[in-house]
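Chemist: Quick one, what's the 3D model for this:
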Amino acid sequence: MKSHRKNQSSDLKDADQLDIDNNRQENNMVNGYTKDEIERTVKSRSDVTQAVKATMPMVFNEEELRNCSLLGQKKNTKTDDPRPGLDETKRSFLEDLIAKAYTVAIKEVRGKMRDRLKMFARK
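Modeler: Numbers count the residues shown, from 1 in each chain. Purely as a prediction, here's the structure:
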């Protein structure tokens, strides 16, 4: 009877560890890519523009890229409703990652991201 309890206890610990590992993996994922994959992609590019171009589709889905503005600001015309902003957590993650990798201000990264969003909005 005691060995049966030990096996159950061991099985529960294994199941708990599996849940912990799965949660860690999910928390380390962005839009199906690991944060490490995104970081490697950033570092493998020659400059900020190329890093933004390569990673925005990794971090944001096509709908977000077509329909969102960077920060949720209004369009230039007075009749248009504001577009929603990109998810702040994902946007901040990408901005910080690129700014750090290329030692540039977040303002520069945002400018490149805005340019890229304009291209997606035209498609």
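Chemist: Going by C-alpha atoms from here, please, whenever you check contacts or count neighbours.
Modeler: OK.
Chemist: where along this structure do the helices fall?
Modeler: Assigned by DSSP state H, the helices in the chain fall at 2-27, 35-43, 48-59, 62-67, 88-102, 106-122.
Chemist: The ones you listed: lowest mean pLDDT?
Modeler: Ranked by mean pLDDT, these end with helix 2-27 in last place, scoring a mean of 48.
Chemist: Quickly list the domain ranges of this protein.
Modeler: With domains defined by automatic domain parsing, the chain comprises 1-30, 32-122.
Chemist: Same list (these) but as CSV, adding mean neighbour count.
Modeler: Supplementary listing: those in CSV, determined by neighbours: other Cα atoms under 10 Å:
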stretch, mean neighbour count
domain 1-30, 12
domain 32-122, 16
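Chemist: if I pick residue 70, what's in contact with it?
Modeler: Taking Cα atoms under 8 Å, 6 or more residues apart in numbering as the definition of contact, the neighbours of residue 70 are 85-86, 110, 113-114, 117.
Chemist: can you tell me how far it sits from residue 28?
Modeler: Counting by Cα to Cα, to the nearest Å, the gap between residue 70 and residue 28 amounts to 23 Å.
Chemist: same check, this time on residue 68
Modeler: Per Cα to Cα, residue 68 is found 24 Å from residue 28.
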